[in-house]
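Engineer: Need coordinates for the following:
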Amino acid sequence: MSDKQTSSPFDFMNVFAAPWQVPNLSAWSFAEREDKLEERAFSNLQRINRTLWDQTEKALDDHMAFASQRLHEDFECAKTLTSCRMPDEVMGTLQAFYTRMAEDYQTHGRKQMEMLQAGFSEGLANAEELGEAALEAASELKKAAEETMQEPAVQLQTRRTPKASAA
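Structural biologist: Now for the predicted structure:
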């Protein structure tokens with residue numbers, strides 16, 4: 001058996017085994033920029049999250065107040081109907097009740113839509129700010145990469161040869 005290895009015609013490892021020139025992308029050139037950009041990006045995301053929950057809380061509070069008011073008015077209508085003696089009293093009570101109910105639902109629907117629109121507007125403003133922060137981040141990191149690319153390249157494998165000691 002021979003210890004000699006023969007390479008196949010499809011052995012591309014020899015091509016990739018050659019030492020490559022690697023730019024000196026030091027972490028220090030990116031560190032300060034990354035810290036500032038990370039802080040800004042996370043603060044924007046936190047603001048978006050806070051806005052979402054605030055808008056949700058407002059909408060739910062408003063809806064619960066509306067449901068409570070409508071339930072109270074439903075019971076009041078039922079009480080009033082029990083005291084009615086004539087059919088025209090019943091019809092008048094029901095007509096007033098349904099008219100007020102329709103107005104309340106329209107008002108509530110408009111209010112909910114305004115709240116939704118305000119939430120979308122605020123969310124859009126926050127998203128635009130986040131987009132600007134992302135563009136700024138890309139620009140800053142590109143600048144850092146260009147600065148480090150101008151520095152001299154470093155070999156991946158550098159071999160030191162021991163100095164001969166004087167005896």
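
Engineer: how about the strands of this structure, start to end?
Structural biologist: Shown for the chain, the strands assigned by DSSP state E span residues 21-22, 154-155.

Engineer: Which one of the ones you listed has the poorest average confidence?
Structural biologist: Looking at the strands of the chain, the lowest mean pLDDT belongs to strand 154-155 (a mean of 46).

Engineer: For residue 57, give me the pLDDT.
Structural biologist: pLDDT recorded at residue 57 is 94.

Engineer: now stretch 112-127: mean pLDDT?
Structural biologist: Mean pLDDT, computed over stretch 112-127, is 90.

Engineer: biggest helix in this protein, by residue count?
Structural biologist: Determined from DSSP state H, the single longest helix within the chain is helix 87-149.

Engineer: what packs against that helix?
Structural biologist: In this structure, helix 87-149 packs against helix 27-83, with contacts taken as 3 or more CB pairs under 8 Å, 6 or more residues apart in numbering; DSSP states H and E. C-beta here means a position set from N, CA and C on the backbone, and glycine is covered the same way.

Engineer: just the angle between the helix it packs on and helix 87-149, please?
Structural biologist: With axes from the mean of the first three to the mean of the last three CA atoms, to 10 degrees as the basis, helix 27-83 and helix 87-149 are set at 180 degrees to each other.

Engineer: And for residue 37, the neighbour number?
Structural biologist: Neighbours of residue 37 under the rule other CB atoms under 10 Å: 19.

Engineer: Quick check: closest non-adjacent residue to it.
Structural biologist: Distances taken as CB to CB, 6 or more residues apart in numbering place residue 137 nearest to residue 37, at 4.2 Å, with adjacent residues excluded.

Engineer: Distance check, residue 111 against residue 119.
Structural biologist: Applying CB to CB, to the nearest Å, the value for residue 111 to residue 119 is 13 Å.

Engineer: who's more crowded, the two?
Structural biologist: Set side by side, residue 111 and residue 119 show more neighbours around residue 119, with 17 against 14, by other CB under 10 Å.

Engineer: Let me see the contact set for the more buried one.
Structural biologist: Going by CB atoms under 8 Å, 6 or more residues apart in numbering, residue 119 touches 51-52, 55, 59.

Engineer: Let's see that with 6 Å instead.
Structural biologist: Applying CB atoms under 6 Å, 6 or more residues apart in numbering, we find residue 119 in contact with residue 55.

Engineer: Point out where the chain drops to low pLDDT.
Structural biologist: Scanning the chain for pLDDT under 70 picks out the ranges 1-33, 150-167.
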